[in-house]
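J.: Below is the structure, and that's it, no one-letter string:
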């Protein structure tokens, strides 16, 4: 029988309430639970990682590629110049070229222009879960070249300091297998991307593919493959233009026109 006494105490007939034993038992339970959790945590993490790897198409990271300069340089000063190749000069109305960066690039796209001299890309790696990411190698794939005899190069010139982010530079003029070089923001030779990412963290790296041969005008078609180590598992990430190759044209001796940044004035490229 359990009863409440006038002084507020609890009377339990046939049982003994030992507060010390109760507290001691609770403390032992907490310590035991923490010990078991610490013992099994590495095993739990291993099971979770193996489970992620076994899911079809699932990876600890997500890779996104921006190839539109209006997106890549959004929010940055207008200090990056652009050059494009147009196969038929008769389509060009120089007086219709707008002065703003984004509007100028849209105007060039209406002409069916393609990149000349440089194709800029920005690669964003985002972790779905905690992940270690190492870019082991970068290889230019499906490199195809065609020599050009006609067309024109249009350049939008700008002023201001150079913007040089951490980047991978690709020299498409190097030969059948273009040269790839990692650069620090200073322009010095750098190291490939290596990062330990928490869930939701991102790392970004720019890719500049250069074709600047001044003797031969060449149409370069190309894509790249990033050979990556993600949480100890090797994977190859193909980077292309939504299933198509990127195109970058070296100027060679093609005629060139330059639009002076912030104005509607045009002139011949200085020889």
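T.: Received the coordinates, thanks. Given the structure is predicted, the values throughout are model-derived calculations rather than measurements.
J.: Residue 262 is in contact with residue 99, correct?
T.: Yes. Residue 99 lies in contact with residue 262 (C-beta atoms under 8 Å); the separation is 5.6 Å. Backbone N, C-alpha and C define where each C-beta goes, glycine included.
J.: Show the pLDDT at residue 8.
T.: Residue 8 is assigned 46 on the pLDDT scale.
J.: how about low-confidence regions in the stretch 101-250 of the chain?
T.: In the predicted model, the stretch 101-250 of the chain carries pLDDT under 70 at residues 160-162.
J.: Tell me where it has helices.
T.: Ranges of helices in the stretch 101-250 of the chain, per DSSP state H, counting those that start in this stretch, are 101-110.
J.: can you pull out the strands in it?
T.: 114-127, 131-147, 152-157, 167-171, 179-183, 194-197, 202-211, 218-230, 233-239, 246-249 (DSSP state E, counting those that start in this stretch).
J.: what about those strands, which gets the closest to residue 267?
T.: The closest of the strands of the stretch 101-250 of the chain to residue 267 is strand 152-157. By C-beta to C-beta, the value is 9.2 Å.
J.: relative orientation of that closest one and strand 114-127 in degrees?
T.: Taking axes from the mean of the first three to the mean of the last three C-alpha atoms, to 10 degrees, one finds strand 152-157 and strand 114-127 inclined to each other by 60 degrees.
J.: from here on, count from 248
T.: Happy to do that; since the first residue is 248 now, the last one works out to strand 399-404.
J.: what comes into contact with strand 399-404?
T.: 328-333, 336, 339, 348, 351, 355, 360, 363-364, 496, 498, 501-508, 516 (C-beta atoms under 8 Å, 6 or more residues apart in numbering).
J.: Could you give me the PyMOL syntax to select whichever of the residues you listed are buried?
T.: PyMOL command restricting these to the buried ones, with burial defined by 16 or more other C-beta atoms under 10 Å:
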select buried, resi 328+329+330+331+332+333+339+348+351+355+360+363+364+496+498+501+503+504+505+506+508
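J.: List the ones among the contacts of strand 399-404 that fall in strands.
T.: Mapping the contacts of strand 399-404 onto strands (DSSP state E) picks out 329-333, 363-364, 496, 503-507.
J.: That'll do, ta.
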